[in-house]
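*Asks:* Take a look and give me a structure for this.
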Amino acid sequence: QVQLVESGGGLVQAGGSLRLSCTASVRAFSAYVMGWFRQARGKEREFVAAINRIGPTPYYADSVKGRFTIIRDNAKNAVFLQMNSLRPEDTAVYYCAAGNGNFRRDNEYDDWGQGTQVTVSS
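*Replies:* Sure, this is the predicted structure:
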C-alpha cells in the first residue's frame with residue numbers, strides 16, 4: 001500500500017499559478033504510474049495528468065494541456081503538478097494517485113491521497 005500526501009493547494013486569481021506536491025511513503029516509488037485527478041463540486045472525478053515509469057512520459061487531459069506540467073522526482077518519492085494560467089473552471093479538489101494500469105482511468109489506481117483544494121477566483 002502506498003500512502004500519499006498532497007500539499008500546495010490554495011486560493012489564486014485567474015491567470016495565476018500553483019504548484020501541487022505529492023509525497024509517497026513506499027519503497028519502490030519508481031515502479032508506479034503517478035496520476036493527478038480532480039473533482040469539482042457536483043461533478044465526477046476526472047483525469048488531469050499522469051506520468052509513467054519509463055521516460056518518464058507525461059500525459060495530460062486536453063483541458064489542461066499547455067498549462068499544467070507533471071513531473072516526478074523518484075529520489076524524493078514525489079510527484080508535482082505545476083499549474084499555470086489557472087481558470088475558474090480549474091477549481092476542484094485535486095487528488096494524487098498511484099497505480100499500474102490505464103493512467104486515464106481512476107479505477108486503475110490503487111492508492112489515493114486525501115486531496116487538496118484549489119480555488120481559482122475570477
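*Asks:* Just confirm Glu89 is within a helix.
*Replies:* Yes: under DSSP: H, G, I helix; E, B strand; the rest coil, Glu89 sits within a helix.
*Asks:* how about it, what does it touch?
*Replies:* 40, 63, 120 (Cβ atoms under 8 Å, 6 or more residues apart in numbering). Where you see a C-beta, it was placed from the backbone N, CA and C, and this is true even at glycine.
*Asks:* how about a cut-off of 10 Å?
*Replies:* 14, 40, 63, 120, 122 (Cβ atoms under 10 Å, 6 or more residues apart in numbering).
*Asks:* do the same with Val2
*Replies:* Val2 makes contacts with 24-29, 32, 34, 77, 96-99, 109-113, as judged by Cβ under 10 Å, 6+ apart.
*Asks:* Show me where the protein has its strands.
*Replies:* Per DSSP state E, the chain has strands spanning 3-7, 10-13, 18-25, 33-39, 46-51, 58-60, 68-73, 78-83, 92-99, 109-112, 116-121. These are given in chain order.
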